[in-house]
Each structure stands twice: as C-alpha cells, then as structure tokens.
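1. Using only what follows, build the 3D model:
(2 chains)
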Amino acid sequence: MELGYGQDRTQRLMREKVQDKWMDAYAPVRHLDPVLVGIALLLTAIGVVMIYSAKAHVTPETGPALARALATKQLVSFGIGLAAMVLAAVFDYRYFRAYSVVLYLASLIGLAVVLTPLGVEVNGQQAWLAVGGFQFQPAELAKVAVIVALATVLHERREDPGFVTVVLSLVVIGLPLGLIMLQPDLGSATVFLWMAFIMLLAGGVLARYLVGLAILGGVGFMAVIRYGLLQEHQIQRLTAFLDPAGSDARYVYNGEQSMIAIGSGQVFGKGLFNGTQTNLAYVPENHTDFIFTVVGEELGFFGASIVLGLFILLVWRGLRIGMMAKDRFGMLLAIGTVGMLVFQVFVNVGMGIGIMPVIGIPLPFVSYGGTSLIASFVLVGLLLNVHMRRF
Amino acid sequence: MSNNEATSALRLTLVAGVIVALFLALFGRLWFLQVLAGERFAALAESNRVQIVVLEPPRGRILAADGEELVKNRPAQTISAHKRELLNGLGEPRDEQAEKVLARLSQLLSIPVDEIVERMNSRKYSPHRPVPIAVDVPPELIFAVSEHQELFPGIEAETLPVRTYPHGTTAAHLVGYTGEISQEDLEQPQFADYRQGDLIGWAGLEKTYEPYLHGEEGMRKLEVNAKGIVQANLGGREPARGDDLWTSLDLDLQRATERILQEGIVASREIQRDDGRFLPSVAGSAVVLDARDSSVVAIASWPTYDPSEFVGGVSFDYWGWLQDPANQYPLIDRAIQSAYPPGSVFKTVTGAAALEAGIVGPSTPVSCPPSWELGNITFRNWNPRHEGSLDLAGALRRSCDTYFYELAAQQWVRETNQLNETGKVDEILPRVAHDFGFGRTLGIDLPSERSGQVPSRAWRTAYWAEHKDTYCAKAESLPPGYARDINADLCRDGGRWRGGDAVNSSIGQGDVLATPLQVAASYAAIANGGTLYAPRIGQRIVSSEGETVAEFSPEALGRLPVDEAGLAAIRAGLRDVVMHERGTGRLAFTLADFPLDSIPVAGKTGTAELKPKVPYAWFASYAPADDPRYVVVVSVEEGGGGSQTAAPIAARILQAAFGLDVAPFVAGPANVD
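-> Okay, the predicted model is just below:
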C-alpha cells in the first residue's frame, strides 16, 4: 500500500482525482500516515527501554523496582498519548481554528495557575501542576496551544503579512513566554522563541520583519547576558559548555559526564544495561533530560544514529505533510510541529554532546515525562489530521 | 498567488535546509565523540568507574644482631578523605553532599571544616591516596566512619603502618628517620617507582637500605558510583612488606655506650683546667667495632635526637631545636660525619710511615727531648722532662712528640731533596695514611660519611692557590705583629710544603683531619693483624617470609703497609699505653677498676689542639690486647686531654662490652698527653 507514495506527485494527484470522482468512499482514515505513526511508536518504545536502563542497575536493591515504576508510568502516559493522538486526529483540524482562542486561554490559565501555590516546585522550577494524583507540566501543553494559535493568526492574516501580523504574533507568543520565564523554565522559553520564528518564516511574514526580529533577538540575548536580567548561575549554566576549563565545576559536571558517557560508547556501545556511567549514576537526570546519554553509552554511535535517523524520518514526514497541506493553517501546524521537534532534538542531544548549553529540554517521545509524551502524540495527531484532510 | 506559493516553497526549503544543517552538526559531533575520540572517553569512563587506592607497604624492620627490633611498624588507626570525591577542581567542596559529609567529619573529629579542606588541598599529599585527616583515632570514631559509610562517602577508616622505635632514642643516628620523598628525589631514576607522598629514608640505615626496606605498594581497584560509594571490589594486589635489615649492632652494648658516653662527657665538665676553667666537653662520639672485621657493634653520638619526632612529619618547634647552634646540631652523627685533628692517636700511622720510609727500624732508639728545633722554631714535647731514648713502641707508650718530629723532619728533608733532584716525590705519609684508612671514605653503610684529610704537597699548593688572596689581604690590613708576619709569609710562600707542616702532620695536627670511624677502622686493622676492613652495620636482608635476600660479608679494603716486625712494635707500644706502669692511658683504667690482668687492653691517647678551642680528647683502643675482640674509639669535642676525658669513657665501654660491672665516673686524672 505504501508503494504508491514513492511515485510522482502529479501522477498520484491524478489518480486520487479519479478516485475522488469515482469513489465516494475516500474517508480520511484511509490517508493516515502509517510511517509517521510507526516512527512515533518506535521512538516511544526505545524511550521506555532506555528509561528502564537508566535506573535499573544504579542500586541492586531499589534500582529494578524504581526502573519498573518509571517505565510503567511512561507506558501509562503513552496510553493516554495514544488516545490524545486519536482525539487530535479525528475532528477536522479546521475546527481547531475556531477553538484556538479557547485552547490558548486555557493554556495561559494553566501557566498562571502553576505559579500559584497550587504548582509544585521541582529542581527550582515551579513547573508542575498536581491534579488528582497526576502531575503535569502546563508548558508542554501550551506548546501545542501556541502552535495552533499562531497558525490561526498567520492563517487569518495571510493576505497582510506585515507589521500588524507580526505584532499580533508576538503578543500571542509573548504572554505564555512571560509566564514560563517566571517559573523559570529557560528551556521551554527558547523552544517557544524558535518555534515562533520558524512559523513566522513559513507563514509568509515579510522578510524585513524576520530579519528585524532576528536582530532584535540577538541584541536582546546579549542584553540579557550583559545586564544581568538572568541570574549569575543561569548565565554560567548557559556559557559553561563554551569553556569547560574556565567555568565553575558545578556547571560543567553534567555536560562533562554526559560527554564521557556518550563518547565512551564508541561505535557499538557497551551493550544494553551495561553502561558504567549510567549504572553508577555519573550522569544526573539521565532518565529525563539526559536520556540520550544512555542511548549513546549503551548502544554507541550505531544506536545514536538509529535514534537520530528516526527523528529525521519523522521530520521528513512532517515537512512533507506541511508541503502537501490543503491550506496555510494546516501547513503552519505541520511546520510548527516539525520546528519544535527539531529544536528539542537538537538542543537535547546537543547539550549531551557539548555543543549546546545545559538547559532542561526533554527529548520528544524518548525522555521520561508524561506531559511531554502526551503533547508529542497530540502533535502527531495534528500532523495526521492535516495529512488525512489534504484534499 | 503563484508568486506567493513560490515564496512559500522557498521558505519551506529554507526551513528544511536549516534542519539538515542541525542534524549534520549532531552527526558530526557524535562521530567525533564516539568514533574519533571514543577511546579517550572510554578511558575517562573507566577512570570514573574504577578508583585505584594505593596501599602503602609497611617498611621492613631494622634488627639488632640478636633479632631485637630497633625499628618496627605499629598500626595506626587513621581517618582519611578521598580528595577527588569531596572536592572539585578548585579545591572546594564539590557539592552539597560533600559539604554535609565534611561538616559531619568536622563534628566527629572536632577539626574545623576549613582545616580539613586545607589539609586535603595540601600539596604534601599524593592525589592517588586518601589524605590522612586524623591519625591515632580512638576506635569508636573509626567504627562510626566504617559502619556508617552512607553518612561518610569519600571518607575512609584505614590502618596505616607507622614507624615506631621500641627503644626510644637508642641508635637514633644509625637507624635514621623517614620522611616524605622530596621533589628532587622524585626526579631521580632510582625513585622512578615512587610517587608524591611516599615515605623514604631520610637518614641513617633507613636511607642506605631504602630499596630493601621500602617494600612494594599494593593497590585496590574499587568500583565507585558518582557519590563515591563503593559498589564492588575489583581485586588488586596486597602490599608487600619491606625486607628486614639485620645489623651487627649489639643492642645492650649500644645502649650502654650511649649512656656511658653521655655520662662521661657530662662528668668531664667537672674537670678544671690549668687556667681554672672547667672543660666545655660540648659533644662527642664513641665507636665500637668488631676488631676482626670492623663490623659495627655500637656507635654513639652525643647529643642525640628522637627519631619518633619525625613520624608523620617533624614539628616546626623540634626542627628549630635541632637546628639551633646552642644545641650542637644533634642530627650530626659525629662518629662518621665530623672530622677532627686526630692528634696522637695518629702516631701509629706516622710510626708506620717512618718504618716504611726506612728512616728507623722498629727498635731503633731515638732521643725524646722536651723540646726540638727546626730552623728557628722550637717544637715542644708535652712532657717538659727529657725521656731519654725511645724505640717506636716506647715512643707510642710515652706518646713522645719529639720522637716523631725528628723522624718527620728527616723524611721531609729526604723528600725535598728527592723533589729537587728528580722533580718527583714519593710522599710516604699520605700514602701510608691512605692505606690505614685516612683521607678517604671507608664506605660504611651510612649516608654522608666524611673523608677527613691527610695533607700532601699537592694539597698544600692547591689550598694555597685558593686562599692566597685572603692571606695577602690580611698581610696588608692587620696591625704589625705576629699574625701579620705569618700572613705575609703565607701570602708570599704559602704553597710550599715546609718542614713545619711535615712535623705538625706527624702528631696528627696541622691539617690532618680524621673521623672517629677512620681511627677505629685503622686500629681494628692493627688489632686484627693488618687487614683494613670497611666498617659495616648491615649484615643481611631477610624478606618477610624469612628468606635471606642478601648477605653482606666484610669487605677488605687492603693490607696495612707494615711488615710483621713493625706491626708487632706498634702493637707492643699500644699495649704499653695501658698496660705499662708509665703508659699514658693506664690511670683511666686503674681508676675504673678495670681487670687489666684478665683482659689486657691496648690503646692510644690523643689530645688534639684546635686553637683557640679547648683541645679535643681522643682515646683509641682494642681489647683483649693479645686476641682483640673489640675496638673502642672515643672522641670528645673540647674535652681536654685524651687520658682525662676520652680514656675513662672507653674503659667503661670496654667494661660493658666484656660484661663487667661498669664503674661510675670519678674525678678524672690529670692530663698526661
């Protein structure tokens, strides 16, 4: 069935027009992208195994139990994610445009509530909400809401991609961004900025505004560093990877240990469950933000390449869906999703291998963390939705 | 719209391009880390995982001849800290956990955290070994640390071997002491296997026998996790204890010798000199050799020091005390590291030289006047009365200076003529002295042995060349008088070996310098029938399993250049010094109630001038005189006459050596030499 996808686009369109004409039964479900779904499932499966491996052998007494508990919770989240994906895919995505305001406001409320005493602080970040024994990160869901909201704005104002559009978009981005910076969650904040830029670019905003925004961003970044809008330790954290020898050991340690873990995996890795850096807990947070160190150490360059390759396939499917989308809204949903995934992969893997600062960003599908996993599946659902209704 | 679509496609392509670039960056970096630099990171991971703990080997013991321990090790309960697990690269606590651990440790040991951190950062300690924070810790604290490792990750309770001296300061100068290896030593090839923080012998036998005593360090490989908690023992190697050194020392006699030397020196300070002043007797030494092969039975040097002060690093105060000139530098082993004018104990050598030169035979009578002229200078005998004519034995017995002046002067004339005629000269005294063991190191197995000095014509010329400027300057600056004239003379003509030099050398004065050990070795050679041996303390090396690793037999350095008749004459003279009614050394033995009838003693007194100081007292002896077993040499700095101060000490050491009751010190006899 998949064979047809390799064929010439025109031929396929013609064939599909014929099908349109003659077959009344072209239900969207027939146009699912099984490759996309397959990749998401595969990455999730790898993630569950890696999460288990990250903790299973840390201590002989409690390790296996802890690892099983984490893997189980991740599998539960996966189940919820699957349901959310179906939900995101079944209703025509164009309805979302109408409800984007509701979604957006809901996410703003979530981000605001997390800052109140209802929120839970973990590792110095007020990023969690506890609801009925379940914890989730509003920022993860806000990513989805912002993609939808921004796509709506850019779609509605597609005939006038000028100043007003840019300002509107900046407002849409700025509100959640500000709330996230209050947590503070530097990682999510950068994800938002990047995603917005990619969407403005893809959304047809005039080039001069894009250049202007890029310059503004650069200057703003310098100002933040120079004039102490960030705290000293945050700046150190951001810049330590550039000069490990000259930086405070506290900020270098994580990056250093994860590089040792990944580098020591060499070509084929030390074998699943056999990573010494992993099992002796030299890399902190290696079930969440540093999950890639487990992949790199235990499966080597070989395994790391497979994981990155799966992401490349995912990105390819996403771009393809964006290009084939029926309208600008669909295209922007797809590009926003792809842009966000790519950025998260790049920063997450990049910080593990010493080319990006250590900022807390999960590896989509793979890192332990329910909200992130569910959000990722919602985005897959949106991609499927756009793809299924491309005619 | 088509334009719009084209733009859109272009933008999507741009996005795709950026994405490709990002992934390329990731792949490139991964390729570098895992493939190109993978081995380096694998090594880093291994060094993370495996911690190598170096286990210091206990040093070998040093044993007396009967196996009694002079130095051994005692286990000291120690609490140590692993620097790598507690401090970061800047030497500060690594994280909150490390801070908590250090705070707990500080409370446990009552040592401020700052002090602990400072100690851990001290360059004194090896980075490969836990830094000892507290030594000799009570068992309950050791228990607290070892049983609650979860509270003290990175802290270790261990048992370290520590040097201990069961007999206190006994044989301190021989045993020596240990200390941490210095940076300079670490660069030496023989210390290639050593690392910073290792203990090595700094002095004495500890230093000489370092390669045997040190042992082989062990190591333990431990798998540790990121918190520094040991996960598994990966094996390793136990440390191998250093080999034991068996010495020739007689512990009881060593102890007695030290006691007698000290008591004798202190007692001699009661003796009043002719000018009414008391003898200073500031320091001294005593050597007891086995007369048959010069193996060391006992060596004492006073004042002495306490080697246990060096365990774990010598304190500032104690080091200051050791280096204060008022305390006579107790670290110096005066028996081998001090060279003095030997005075009359050197007459055996001069006598042998006269025989060797053929100036006299053993029984040729030579006059012994109270004074003797050379040119316009008068040299005096110690005795203002004429002693008649004496043969060699008689001259030794009476220690007749003028006898030796006469022979030295004749020899000097002969050598000077020889030099003038042929341009070459065979200088008898330096050659014979060398064969008696003077003017050279003997190779005893202790560090820093001095060679002493026997002057010759060449030596005089070289010495003059070096000091000429000083003489000439003094000749200019000093007020007119005797000193100025002397310096003017030396400035003009000081490089010449004169008759006066030869005459002074003949009685062990002038520029002759000898260590007590050299005197002892030369008397041992006389005693044993003419073979000069290198004195030696170490007898054999025995491994901890009881296997003899090395054995050191006596090393003969050569034969004395004296024929049998000559040697017999010298021995007869030395015997008479103590046994003859008119011998210079007799009184010291009779006053000590020494049973000379059953144990005849041979010896020689010496009173070496070193103006303006009070003379240095010497006594060199061996006993029994007919079948010698022990050689005893005593020298006391500024101790006055040899018969006054040194001979009484030697007599009592011989009493101890032969298991007799040791007489208490009494007011000494008048000086007779």
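
2. So for residue 297, what's the nearest residue that isn't a sequence neighbour?
-> Just going to use chain A. A:G275 (3.8 Å; C-beta to C-beta, 6 or more residues apart in numbering or on different chains). Placement of C-beta: from N, CA and C, glycine included.

3. wrong chain, I was asking about chain B
-> Nearest non-adjacent residue to B:V297 (C-beta to C-beta, 6+ apart): B:V288, at 4.3 Å.

4. In contact with B:Q77, which residues?
-> By C-beta atoms under 8 Å, 6 or more residues apart in numbering or on different chains, the residues touching B:Q77 are B:V135, B:D136, B:V137, B:P138, B:P139, B:I142, B:A157, B:T159.

5. so how many other residues sit close to the residue nearest to A:E297?
-> Residues lying near A:G275 (other C-beta atoms under 10 Å in any protein chain shown) number 29.

6. can you check B:H386 too?
-> 13.

7. Does it touch B:P370 like I think?
-> Yes. Between B:H386 and B:P370 there is a contact under C-beta atoms under 8 Å: 5.7 Å.

8. Please check the contacts of B:Q77 and keep the buried ones.
-> B:V137, B:I142, B:A157 (16 or more other C-beta atoms under 10 Å in any protein chain shown).

9. wait, isn't the second one in contact with B:I79?
-> Going back to what we said before, that points to B:I142. Yes. If you go by C-beta under 8 Å, B:I142 and B:I79 touch, sitting 7.1 Å apart.

10. what residues are shared contacts of those two?
-> B:A157.

11. Show me the longest strand that occurs in chain B.
-> Using DSSP state E, we find that the single longest strand of chain B is strand B:69-81.

12. and stretch A:176-196, how far apart are its ends?
-> Stretch A:176-196 has an end-to-end distance of 12 Å (C-alpha to C-alpha, to the nearest Å).

13. Quick one: mean pLDDT over it.
-> Mean pLDDT, computed over stretch A:176-196, is 87.

14. how about low-confidence regions in the chain?
-> With no chain named, the answer covers chain A. Within chain A, the ranges that satisfy pLDDT under 70 run A:1-7, A:22-27, A:132-133, A:228-230, A:245-251.

15. that's the wrong chain, I wanted chain B
-> Ranges of chain B meeting pLDDT under 70: B:1-6, B:89, B:123-128, B:227-228, B:667-673.

16. Tell me which residue in it sits closest to chain A.
-> B:F41 (2.7 Å; C-beta to the nearest C-beta).

17. Give the closest residue to residue 166 in space, chain neighbours not counted.
-> Using chain A. A:Y209 (4.8 Å).

18. my question was about chain B
-> B:E69 (5.5 Å).

19. Please report how far whichever residue of the stretch 201-350 of chain A sits closest to chain B lies from B:N48.
-> Nearest residue of the stretch 201-350 of chain A to chain B, counting by C-beta to the nearest C-beta: A:G263, 2.7 Å away. Separation of A:G263 from B:N48 (C-beta to C-beta, to the nearest Å): 12 Å.

20. Pull up the residues of the stretch 201-350 of chain B that are close to chain A.
-> Residues of the stretch 201-350 of chain B lying close to chain A by C-beta under 8 Å from any C-beta of the partner chain are B:E223, B:V224, B:N225, B:A226, B:K227, B:Q231.

21. Could you give the secondary structure assignment for B:A157?
-> strand (DSSP: H, G, I helix; E, B strand; the rest coil).

22. my read: B:P58 touches B:V162, true?
-> No. If you go by C-beta under 8 Å, B:P58 and B:V162 don't touch, sitting 9.2 Å apart.

23. which of the two has more neighbours?
-> Set side by side, B:P58 and B:V162 show more neighbours around B:P58, with 21 against 18, by other C-beta under 10 Å.

24. all strands for the stretch 451-600 of chain B, in order.
-> For the stretch 451-600 of chain B, the strands defined by DSSP state E, counting those that start in this stretch cover B:531-534, B:538-542, B:548-551, B:555-559.

25. Okay, now the sheet partners of the first one, with direction.
-> So that's strand B:531-534. According to DSSP bridges, strand B:531-534 forms sheet pairs with strand B:555-559 (antiparallel).

26. residues in contact with the partner strand?
-> The contact list for strand B:555-559 (C-beta under 8 Å, 6+ apart) reads B:D435, B:G437, B:L442, B:G443, B:G530, B:T531, B:L532, B:Y533, B:A534, B:R536.

27. Now the residue at minimal distance from the centre of chain A: which helix or strand?
-> Nearest to the mean C-alpha position of chain A, by C-alpha atoms, centre = their mean, lies A:L341 at 4.1 Å. Element membership for A:L341 (DSSP states H and E) is helix A:328-352.

28. Please tell me how far the closest residue in space to A:L103 that isn't next to it in sequence sits from chain B.
-> Distances taken as C-beta to C-beta, 6+ apart place A:A145 nearest to A:L103, at 4.6 Å, with adjacent residues excluded. Distance, A:A145 to chain B, using C-beta to the nearest C-beta, to the nearest Å: 22 Å.

29. before we move on, what about A:T59?
-> 8 Å.

30. What about that residue, how many residues nearby?
-> A:T59 - counted by other C-beta under 10 Å - has 16 other residues nearby.

31. can you tell me the helix or strand for it?
-> Applying DSSP H and E, one finds A:T59 in no helix or strand.

32. List the contacts of the residue of the stretch 51-200 of chain A found nearest chain B.
-> Closest to chain B within the stretch 51-200 of chain A is A:I198: 6.1 Å, counting by C-beta to the nearest C-beta. Applying C-beta under 8 Å, 6+ apart to A:I198 gives the contacts A:I335, A:G336, A:G339, A:F343, B:V15.

33. Using a markdown table, lay out those together with neighbour count.
-> As requested, these are exported to a markdown table (neighbours: other C-beta atoms under 10 Å in any protein chain shown):
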| residue | neighbour count |
| --- | --- |
| A:I335 | 29 |
| A:G336 | 28 |
| A:G339 | 28 |
| A:F343 | 22 |
| B:V15 | 21 |
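
34. which of those residues lies closest to B:A620?
-> Minimum distance to B:A620 across those is 95.2 Å, recorded for A:F343 (C-beta to C-beta).

35. show me what contacts the closest one?
-> A:T190, A:V191, A:W194, A:M195, A:I198.

36. doesn't A:K143 make contact with the second one?
-> Read it as A:V191. Yes. Counting by C-beta under 8 Å, A:V191 touches A:K143, with 6.7 Å between them.

37. higher neighbour count, these two?
-> Neighbour comparison, A:V191 and A:K143: the larger count goes to A:K143, with 28 against 25 (by other C-beta under 10 Å).

38. in whichever strand or helix holds that one, what counts as buried?
-> In this structure, A:K143 sits in helix A:138-156 according to DSSP H and E. Neighbour counts over helix A:138-156 (16+ other C-beta under 10 Å) mark A:138-155 as buried.
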